[in-house]
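# Below is the structure, and that's it, no one-letter string:
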């Protein structure tokens, strides 16, 4: 099955077409390449996007959408309640799953597998920036398992992502603690 047969695929907004630094009526947070790291959106480094007109809902994230980078490393991000209503720039695609065919958490896992990323990379080899088009994703062939297995795989993947995020936070906090202890000893 091709991705276009199990998900609605939409390109992000070309921000420069709607940008307004003066006399703006609406202000949004916008995803940029730097704000996407390790499959997560870092809300602290989102861009501020100002515009005169209200944006179509299609250009905003909503829970269970999947956002994918159109440049290497082609990271997929699953949108949660915490990352809703953020403008999707043209550096990304927005995928909305037909849940009768594919579950968002399963597609999130599948798009982040090395096998799928390799397929995508093969379509970008002739491109200097390793950028791909929406058409590459649309025509991406997927071997989907039954929905009950998708649920198990997707939920296990979400659990492993959560665990890795917690381990990274623990590592950062431990490093801060060790540095504080060293500074205190050094000051004595």
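Alright, I've got the coordinates. In this text the structure is predicted, and so the values were computed from the model without any measurement.
# can I assume residue 169 sits in a helix?
Yes. Assessed by DSSP: H, G, I helix; E, B strand; the rest coil, residue 169 belongs to a helix.
# Not counting residues beside it along the chain, what's closest to the spatially most central residue of the chain?
Note on the chain: the residue nearest the mean C-alpha position is residue 77, at 2.6 Å, using CA atoms, centre = their mean. Leaving aside its sequence neighbours, residue 77 sits nearest to residue 67 (CB to CB, 6 or more residues apart in numbering; 4.7 Å). Just so you know, the C-beta spots here come from the backbone N, C-alpha and C atoms, and that holds for glycine as well.
# Thought residue 30 was touching that neighbour, still the case?
No. Using CB atoms under 8 Å, residue 67 makes no contact with residue 30, being 11.8 Å away.
# What's the separation between residue 70 and residue 15?
Distance from residue 70 to residue 15, counting by CB to CB, to the nearest Å: 14 Å.
# Then residue 152?
Taken as CB to CB, the span from residue 152 to residue 15 is 39 Å.
# With residue 138 instead?
23 Å.
# of those two, who's got more company?
residue 15 (19 against 14; other CB atoms under 10 Å).
# quick one: contacts for the more buried one?
30, 49, 87, 89-90 (CB atoms under 8 Å, 6 or more residues apart in numbering).
# okay if I get the residues you listed as CSV plus neighbour count and pLDDT?
As requested, those are arranged in CSV below (neighbours: other CB atoms under 10 Å; pLDDT from 0 to 100):
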residue, neighbour count, pLDDT
30, 21, 92
49, 22, 86
87, 23, 92
89, 22, 90
90, 14, 89
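# out of the residues you listed, which are inside strands?
Within the contacts of residue 15, membership in strands is found for 30, 49, as judged by DSSP state E.
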